[in-house]
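>>> Sequence and predicted structure below; questions after.
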Amino acid sequence: MTMQSAAPRAKRILMVGAPGAGKGTQAAAIAKQFGIAHIASGDLLRRHIADGTAIGKTVEGVVNKGELVPDALIMDMLRKPVMAASETGGYVLDGFPRTVEQAEAAYRTAGSLGVGVQIAVHLEVPEEELIRRLLARARGADDTEDIIRHRIKVYEEKTRPLLEYYSSRELLIQVNGARPVAEVTWSIIVQLQRALKRPNTHTSGARQATADKAVA
Ligand code: AMP
């Protein structure tokens, strides 16, 4: 046991993947494995909508159309849970960042807190498999086939550019997400453990992680 603050060694993991890629399932497994918080922006938004809060009323139409909620609203909503988790071991963020602008804002905040680099995990799944999964688990107004296809288009246009951002600035772990759940989990955990062991992983600053770019 040590008296040292947990913050500088907090694990800060981000899940990047299209709707249906398995971010929620894998984020929950990572959170359990490392004993860190699982923070899902889409779940928080859906809870606001179900509870009829002011945020919920503002975002309902946008979420139901499969569009992205404004960055400022997402940043405000996530600030408290992310700060709290940073002080208690870290977090795996699922659904954020969704745009390069959100990633840049998160990077600036992390840098100014000195809490170390983030590790992004990208789950790659072919489009037809995404659609098959999303139709199978259809859960509400944002789940018709047209809206599903629109959400995937929004991902390709707004979120995929994040991969370029992360591969040049921070650690990016690439994973083939089209395999059975347990295999994907194992692959992510092995790569995360390897990345977290590196001496520099917990210090601020940008770095390349070319070794992690091969799809595992
Ligand atoms: P998800 O459950 O992550 O697929 O998110 C469901 C919906 O919530 C998305 O289609 C967006 O409308 C909204 N949303 C979730 N996270 C974000 C984010 N980081 N930025 C903007 N909109 C978001």
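On my side now, so go ahead.
>>> Quick check: closest non-adjacent residue to the residue in the chain that the ligand sits nearest to.
Going by CB to the nearest ligand atom, the ligand is nearest to residue 42 of the chain, at 2.0 Å. Quick note: C-beta positions are derived from backbone N, CA and C, even for glycine. When the adjacent residues along the chain are set aside, residue 42 lies closest to residue 95, with 4.6 Å between them (CB to CB, 6 or more residues apart in numbering).
>>> That neighbour against residue 21, yeah?
No: Residue 95 is beyond contact range of residue 21, at 11.0 Å (criterion: CB atoms under 8 Å).
>>> In contact with the residue of the chain closest to the ligand, which residues?
By CB atoms under 8 Å, 6 or more residues apart in numbering, the contact list for residue 42 reads 24, 63, 94-95.
>>> tell me which element it falls in.
helix 41-51 (DSSP states H and E).
>>> That helix - what's its average pLDDT?
The pLDDT scores in helix 41-51 average 96.
>>> could I have it exported to CSV, CA atoms only?
C-alpha atoms of helix 41-51 as CSV (Å, rounded to 0.1, in the frame of the first residue of the first chain):
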residue,chain,number,x,y,z
SER,A,41,-22.1,8.5,-23.1
GLY,A,42,-25.0,6.9,-25.0
ASP,A,43,-26.3,5.2,-21.8
LEU,A,44,-26.1,8.5,-19.9
LEU,A,45,-28.0,10.2,-22.6
ARG,A,46,-30.6,7.5,-22.8
ARG,A,47,-31.1,7.8,-19.0
HIS,A,48,-31.6,11.5,-19.3
ILE,A,49,-34.2,11.0,-22.0
ALA,A,50,-36.0,8.3,-19.9
ASP,A,51,-35.9,10.5,-16.8
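>>> and the next element down the chain from the helix or strand of the chain with the lowest mean pLDDT?
Ranked by mean pLDDT, DSSP states H and E, the weakest helix or strand in the chain is helix 100-113, scoring a mean of 79. Downstream of helix 100-113, the next assigned helix or strand under DSSP H and E is strand 119-124.
>>> need the next SSE after that following strand, C-terminal direction.
Counting by DSSP H and E, the next helix or strand C-terminal to strand 119-124 is helix 127-136.
>>> quick one: buried residues of stretch 47-60?
Within stretch 47-60, the residues that qualify as buried are 48-49, 55-56, 59-60, counting by 16 or more other CB atoms under 10 Å.
>>> Residue 145 is in contact with residue 131, correct?
Yes: the pair residue 131 and residue 145 passes the contact test of CB under 8 Å, sitting 7.2 Å apart.
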